[in-house]
Structures are given as C-alpha cells and as structure tokens.
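Asker: Provided below for reference: sequence and predicted model.
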Amino acid sequence: MAKIAVVFLLFAIVAVCNGARVPREEPQPPQVGIDFKPVVEQFQKLASDKNVEGLKAEIAKVGENLQKTGSEAWAKLLAFGKDLEEVVKKNLPEAPKA
C-alpha cells in the first residue's frame, strides 16, 4: 500500500510542478538570408495584364507545335510498327502444322 501511495504522491508533485505557466517569447520571423522582394517584383511585372496576353499567345503557339510534333511522331511510330511487323513476318519461319 505504501508503494502505491508513494507513486500517487510523486504523480501529484510532478503534476503540480508542471502546471506552472512558462512565459514564452514572441515568435521571431524566420531569417532566411535571402531577399525575395526583387523576385516578387519581377513576378508582378510578368503577371501584368499586358504580359499575360503575350504569354497566352506564346502558350497557344507552343500548344500548336506540340500537337503537330505529336501527330508526326505518332505517324512515324505507326509506320515503324508496320515495317517491324513485315520484317518479323518475313524472318520468322512458319509454325509446324500438326
């Protein structure tokens, strides 16, 4: 019984001691060492209405070029597949008939 009483007493002492409030300092802003202000200014200039229209036109051109390139690549891939199929048919012996 005495051991249980000692455990409860120690628990109570720890609870009372840890119950005190510890004053905290005001959090400091992180010190990165890099000034992001020029980057933000450049982004704001880039995102202006005048530049957005130009960027939309450039993106449309890139999209058209990608579509054209993709179509050409697909056509070449299909032609290569047909050529490969012909080569395989010529070089493979016929399967023995049962």
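Answerer: Received the coordinates, thanks.
Asker: quickly note the distance from S71 to N65.
Answerer: Between S71 and N65 the distance, using Cβ to Cβ, to the nearest Å, works out to 11 Å. C-beta coordinates here come from the backbone N, C-alpha and C atoms, glycine included.
Asker: what lies in contact with the helix or strand of the chain with the lowest mean pLDDT?
Answerer: For the chain, counting by mean pLDDT, DSSP states H and E, helix 37-46 ranks last in confidence among helices and strands (a mean of 82). Contacts with helix 37-46, where a contact means Cβ atoms under 8 Å, 6 or more residues apart in numbering, come from N51.
Asker: where is the longest helix in this protein?
Answerer: Selection of the longest helix in the chain by residue count, based on DSSP state H, yields helix 49-91.
Asker: and that helix, how far from the chain's centre?
Answerer: 26 Å (Cα atoms, centre = their mean, to the nearest Å).
Asker: other SSEs contacting that helix?
Answerer: Packed against helix 49-91, as judged by 3 or more Cβ pairs under 8 Å, 6 or more residues apart in numbering; DSSP states H and E, are no other helices or strands.
Asker: could you tell me the angle between it and helix 37-46?
Answerer: Per axes from the mean of the first three to the mean of the last three Cα atoms, to 10 degrees, the angle that helix 49-91 makes with helix 37-46 is 80 degrees.
Asker: what about helix 49-91, average pLDDT?
Answerer: Mean pLDDT, helix 49-91: 89.
Asker: and the gap between K37 and D49?
Answerer: 22 Å.
Asker: all good on my end, thank you.
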